[in-house]
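*Asks:* generate a structure from the sequence data that follows.
(chains A, B and C)
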Amino acid sequence: CKTLFSKDEDEFAVIQEEPAETLYNEGLLLANSGSFVAAAKKFDEVETTHPYSEWARRALIMSAYSNFEARRYAEAIRSAQRYVTLYPGSDDAAYAQYLIAESYYAQIPDIGRDQERSEKAAIAYRELLEKYPQSEYAAEARQKLEVARDQLAGKEMEVGRYYLGQGRYLAAINRFRTVVTDYQTTRHVEEALLRLTEAYYALGLVSEAQTAAAILGHNYPDSEWYKDSYALLATGGYSPNENKESWLSRVWRRTTGTL
Amino acid sequence: CNTFTIERHHGYLLSQDQLDQIPVGSSQEQVDYVLGTPSTTATFGNEVYYYISQTTKTTAFLAPKVTEQRILAVYFDRDRRVERIANYGLEDGRVVDFISRKTPTSGEEVTFLRQIFSSAVGENV
Amino acid sequence: ASSIPGTGDLAGISSAQAQTIRQVQVEGNRRVDAETVRNYLSLQPGQNYNAFDADESLKTLFATGLFSDVNIAMRGNTLVVTVVENPIVNIVSFEGNKKLSDDLLLSEIESQPRSVLTRAKIEGDVQRILQLYRRSGRFGASVEPKIIDLPDNRVNLVFEINEAAKTSVAGINFIGNNAYSDSDLRDVIATSQKSWLSWIKSTDVYDPDRLDADQELLRRFYLKNGYADFRVVSAVAELDRERNAFYITFTVDEGPKYKFGTVDIEAYVRDIDPESLRSEIKTKTGDTYNAEAVERTLEDITIALANRGYAFAQVRPRGDRDYDTQTINLTYVVEEGPRVYIERINIRGNTRTLDRVIRREFDFAEGDAYNTVMIDRAKRRLDALRYFKSVDITRQQGSAPDRVIINVSVVEQPTGEVSLGGGYSTRDGFVADISITERNLLGRGQIVRIGGAFGEKKESIDFSFTEPYFLGRRLAAGVDVYYRNIDYEDTSSYTSKVAGAGLRVGFQLNDELSFLGRYRIYNSDVQIGQVYRDGCGPVTQFAIDNNLCGNPVVYGGYTWAFPYGGDTNGDGIPDVFAPEASIAIVKAQGERLYSIFGYDLTYSTLDSFTRPHSGLYLKLSQDFAGAGGDAKFVRTDAEARYYHELMPQLVGMLKVSGGIIQGWGGYDVTVTDTYFKGGETIRGFDTSGYGPRDLTPGGQRDALGGKVYAAATAEVVFPFPFLPEELGLRGALFADAGVLFDVADTGPITIIQPGGQTFQLAMAECAGIYPGGWGGIVPAGYAGCYVDDTKPRASVGFSLLWDSPFGPLRADLGYAVLKEEYDDEQLFRFGAGRQF
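*Replies:* Numbers count the residues shown, from 1 in each chain, chains lettered A, B, ... in the order given. Predicted coordinates for the structure are as follows:
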């Protein structure tokens, strides 16, 4: 019967050793000249042939970088994740974590679609901020974390607006509530307060509508949305005044510590 | 075959005998037990429970018409006992034309070419 | 031996007193540096050693998947962590795989080159490979993983695969079945016997999962046909070693065949009157017991209750068997279910389809009552969109006991289709067509289609766009733009070019009834062949003879000629007027603008649209031309089809159809706008083979169409009993009949000579018909004659239908039994179309 090694003899011989450094430099050359896919392959080769050398570590992060530049986000994430697991303490670990977050961030779809990648990007940036707070990427991570959270809030708003349009005020109110309670630092909170005014008003719960409009006015006095809510209430001869006991003001005071 | 008008009930399904079991003064646990979790609570610290229900009639392709809208508001006092109960009906509702403006958001819009390309290639590029 | 990672080898922790750790020593690491290991420890220098933290560290270290073994112990006041690293995979390769490629296998398994090797991963990979082979029918395959050690703690991973031959199913037989024959039951189940066709089939291979599915198929089949006590006693597959094939034996206990006894309904929910729900019941006393009808009844009652605000009501059937009368008395019991509301509907996996396109298929919103039947209906609607490979709706406990969260996760599939088609039919000759369809444009649920067809007799290009949720309601609105150039030369001596656009709006009144309103505006240009030709000498007046210019007229022009005096080809010989078409067709010549409002009302209870077995299909269409445009007529069409499964796989069909077109406001309908009927309605006749026809001697015998038609068909389709069902061969016996009459505008036409003189040419009904029907007797003073009678035509015949690998083929052999001598017959018709 067939011996184990008969078929393709050379495949099992260890690939004839090329020094790690030359392979690594070839990879660098390819990367600099912009052919990232080839560069990634070359860096992978370094890691395969010299797994224990220092070059292997550098090649791994470079492979992640090349895949990222070549928009092959799945491979970039896999390599960067391996780097963070293997070398959590090294100085490039922050960059690897950054690459993971950036790979998800680059694939964030518009709010009409599944925001799974926004969630993953947010988680990755948060991990970057927790594990490597002093890293040079911290500032950008904080900013992009907000953008990812803004997308998640945008999704809640999109579904809320859909239900509002269908006349399902209860479903709409609960969606806009989520934005006010969970995504208060995003830009959508202003519109959420206006939509709450509209929904409560449509239901006839005028006191709740007035409270929502009052908070909007108090915190974002020159916002377009406040003008709209003011105008809406005016149609019924009402004006925004905050019922201190309403859930909204309590939530607001608790989370923003203002007022 | 059924007629061309479909009636649908949305939100909380309230029945009269439930209402009689929560007279003024009954505890919040009693309300939770009898009416169940409110559709949306108007208090963070549970000041007011709202039970919202809506009935719509849709005839063929015409827009669904809200034929009945009832909001049961249960107000609680300091120590969470039922203070008063209010009922809002369809007549309290206001006609609102909602602002069409949206807060701008980013994210890659699926362009036509990308869709054709990805559907031809079979995976999402 | 190394322990199984992930389970945490607690024995590794030796008991030590509470000592403070001065420093941490890592041993046995090669690739992973000590700093990394220290990073994962929850015991740091300065801390007291304790079993809990040690255990935690063990767990985190194992979780990284980097180590096959970890050992934590105190040596003096040094914490010693000894690790054995998992080897790194250098190369993954496969031996002995012929049917499945290396790349396919590599993409399926977890162990990848350069990744860390763990025993758990290898075991998982072996199972994955076996699963792949089982699905492709190689149930006997075996996989042996081999690890070849290399220096520097690296390994090569080899999967040795023995694919074994396909274990096919040599025979399937049934014991205990007397109501249905073995072959009937073989058609019911999915697994099939090895036959000469098995090179293109995969279902004749033994697969235990499919065997379980077969038992369910058998159960459903029997329960649908009255055998309420049906049981599959056993399903045994014996392997015949030599022939490497399985023999499958199903032992069944059919039990008696039941009919429905009394059927009533009880409601234990306050103020629900059971009798009001009786209209929803599909199971009638005396009918054969049918489990599916019971299920459908349950669903209909639940929906009816939900619509009346009793969303929490649950319905369950209770059957009491009456053995001597072999009937089941059925009671539908309506009870109050738990009052649970939907807190949130999460939609996941839609990377292209918009959230609202999915959410709008749910009739309920967040905050509404939770009702499983409504969720099943939403799932059916989502599947029907054909945007998704799979739609899974799961429920998850909400933030309160009476709250539930619905998670909808979809896996999208490409919704763009490019389809090329080719076909031949005796009517249109060769036709090629191409179409590009995108059913989910930009994820917005809109449908756009661009198509073109090119053939001997037809060229057409059309574009259509549809928004199924116009104005946010279930209102399908669409726009169509089209151009068609059709050559009717053979049958009515004219070609017609139509270019136009249309708007349409459709909605579903209820499950069976749908309405479609449409508006179309198009320009139609009817052209006929040559009209003037060289005369030869002084034909001074209107002549009806066979002797134009002294020689018998054979060129197919009309025998009469008319001095025209013009000279179209400038050869000096004055022309005569001798058109190559009937006067009625000449009258219809020219361009006309049509502006038509119309509607279709369709009622359908067919069980499937492409191949119906049962159900009724009614359609009423009306078109009102005249709001602008040149044509003013009202056209009404009606069609009724009834399908009934006489015996399993034997489907009978009755069809009746009719139509009438009437001009209004003094407008006389032009011939080309009327109905042209032939072989497509009564098989055995040629295209436009019967109905009013121009029989002017020597003329083209042009079919002139009729303003009124009626037709009826009876047909039975049956599979060939002794041929295997997979061949896809079916036969059909049919009888067609019909009538077409009341010819439209047959002139007269006015000829204006260049000199200004005008003449009129008119047609009348032929006074008589020459034997053989080649021509008619033209009454005096007329230029031509036509026949128009209300005598019915009929035919009987046989058809062959074949779902061949090259596409559906249909051949009809029709013999006209009731016909007129001037009709055109065609015994054999053939049509094949292929979308690939």
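
*Asks:* which helix or strand contains C:Pro771?
*Replies:* Assigned by DSSP states H and E, C:Pro771 falls within no helix or strand.

*Asks:* in chain B, what residue comes closest to chain A?
*Replies:* Residue nearest to chain A within chain B: B:Asp92 (2.9 Å; CB to the nearest CB). The way it works is simple: take the backbone N, C-alpha and C, and place the C-beta from them, glycine included.

*Asks:* so for the helix or strand harbouring C:Asp53, what's the average pLDDT?
*Replies:* Taking DSSP H and E as the definition, one finds C:Asp53 inside helix C:51-63. The average pLDDT for helix C:51-63 rounds to 86.

*Asks:* how about low-confidence regions in chain A?
*Replies:* Along chain A, the parts satisfying pLDDT under 70 run over A:1-17, A:242-259.

*Asks:* biggest helix in it, by residue count?
*Replies:* What stands out as the longest helix in chain A, according to DSSP state H, is helix A:138-165.

*Asks:* quick check: chain neighbours aside, which residue is closest to the residue of chain B closest to chain A?
*Replies:* A:Gly204 (2.9 Å; CB to CB, 6 or more residues apart in numbering or on different chains).

*Asks:* can you check B:Val24 too?
*Replies:* Closest to B:Val24 by CB to CB, 6+ apart is B:Val82, at 5.3 Å.

*Asks:* how many other residues sit next to the one you found?
*Replies:* A count of nearby residues for B:Val82, using other CB atoms under 10 Å in any protein chain shown, gives 19.

*Asks:* I'd like the next helix or strand past the longest helix of chain A.
*Replies:* By DSSP H and E, the next helix or strand past helix A:138-165 is helix A:169-182.

*Asks:* what stretches of chain B score poorly on pLDDT?
*Replies:* For chain B, the stretches flagged by pLDDT under 70 are B:1-3, B:42-46, B:107-125.

*Asks:* helices of that one, residue ranges please.
*Replies:* Using DSSP H, helices in chain B cover B:16-20, B:28-35, B:112-121.

*Asks:* just the helices in the chain please.
*Replies:* Just going to use chain A. Counting by DSSP H, the helices of chain A are A:9-12, A:20-32, A:36-49, A:54-69, A:73-86, A:93-106, A:116-131, A:138-165, A:169-182, A:188-203, A:206-219, A:224-235, A:247-256.

*Asks:* my bad, chain C
*Replies:* C:34-40, C:51-63, C:102-108, C:119-135, C:182-188, C:208-224, C:291-307, C:355-359, C:372-385, C:489-492, C:583-588.

*Asks:* which of those helices sits most buried?
*Replies:* helix C:583-588 (a mean of 26; mean count of other CB atoms under 10 Å in any protein chain shown).

*Asks:* list of residues touching that one?
*Replies:* C:492-494, C:526, C:528, C:531, C:579, C:670-673, C:694, C:702, C:704, C:743-749, C:761-763, C:783-784, C:786 (CB atoms under 8 Å, 6 or more residues apart in numbering or on different chains).

*Asks:* let's see that helix as CSV, backbone CA atoms only.
*Replies:* Written as CSV, here are the backbone C-alpha positions of helix C:583-588 (Å, rounded to 0.1, in the frame of the first residue of the first chain):
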residue,chain,number,x,y,z
ILE,C,583,-58.9,44.8,-47.7
ALA,C,584,-59.7,44.5,-44.0
ILE,C,585,-56.0,44.4,-43.2
VAL,C,586,-55.3,47.3,-45.6
LYS,C,587,-58.0,49.2,-43.7
ALA,C,588,-56.1,48.5,-40.4
